[in-house]
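Chemist: I'll drop the sequence and a predicted model, then ask my questions.
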Amino acid sequence: MLVDSPIDNSAAWDSITIDGIDTPGVCALSGGVRRTKIDQQVSPMQSGSFSVTRGLELVSVDYKVRVWTTKQFKELQALAARLATAQESRPPRQLRLVDVSVAHLKMKGAEVSWLGPIENPKPGTWTLGFGFLEWKKRKPVGGVARAKDWIDQEMVATRQERAQLEAQLAALETARGRGL
């Protein structure tokens, strides 16, 4: 994917787009690294270890938006409110993130991982820091239920018999308590 050169179009590199709305002022990026998950495995009675690639980690990107005009400050407040709403929603809300500096990572969506306060680091400027975590569709925990084999069926039958016997025993104890 080819993007605009920062030399020819620096404005495209100074801001990001979140759900179709450009950030005000200048936006600075930190993070945005995609790492490979590697599992080092050591077998008993062997010298050395071998590596198994487990896939790619999710990308985490952090931004700091800096504004210096009243109009930009109002837009910054609106941005902070939108991000807070997205962060608080359950399940987490997926946002469309467009940033030419991380376009090569092919992030299709992101969720808000952290949101900082609006700060005034020096007179006349305000900043807002926030972070995104690449959004992936959640997979159900536990996977698909496996078919029951004969052992599982015997265990279920034994538990049912045990429950019936315990019910009979409780009824007999109740009868003895009444003096029958």
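Modeler: Now that the structure is in, tell me what you want to look at.
Chemist: Tell me which helix or strand in this protein has the weakest average pLDDT.
Modeler: The helix or strand of the chain with the poorest confidence is strand 50-56; it has a mean of 73 (mean pLDDT, DSSP states H and E).
Chemist: Please name the strands paired to that strand in the sheet, noting orientation.
Modeler: Sheet pairing for strand 50-56, assigned by DSSP bridges, gives strand 36-41 (antiparallel).
Chemist: Show me where the protein dips below the pLDDT cut-off.
Modeler: 1-6, 43-50, 137-147 (pLDDT under 70).
Chemist: Which parts of it are strands?
Modeler: With DSSP state E as the criterion, the chain has strands at 17-18, 21-22, 26-31, 36-41, 50-56, 60-67, 97-98, 110-122, 125-134.
Chemist: okay, the ones you listed in JSON lines with distance to Ala81 next?
Modeler: All C-beta spots, glycine's among them, are computed from the backbone N, C-alpha and C. Below are the strands of the chain laid out as JSON lines (distance: least, C-beta to C-beta, whole Å):
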{"stretch": "strand 17-18", "distance to Ala81": "12"}
{"stretch": "strand 21-22", "distance to Ala81": "12"}
{"stretch": "strand 26-31", "distance to Ala81": "17"}
{"stretch": "strand 36-41", "distance to Ala81": "35"}
{"stretch": "strand 50-56", "distance to Ala81": "33"}
{"stretch": "strand 60-67", "distance to Ala81": "14"}
{"stretch": "strand 97-98", "distance to Ala81": "18"}
{"stretch": "strand 110-122", "distance to Ala81": "10"}
{"stretch": "strand 125-134", "distance to Ala81": "11"}
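Chemist: Nearest to Arg90, out of those?
Modeler: Checking the strands of the chain against Arg90 by C-beta to C-beta gives strand 110-122 as the closest, at 11.2 Å.
Chemist: angle of the least confident helix or strand of the chain against strand 125-134?
Modeler: With axes from the mean of the first three to the mean of the last three C-alpha atoms, to 10 degrees applied, the angle from strand 50-56 to strand 125-134 works out at 120 degrees.
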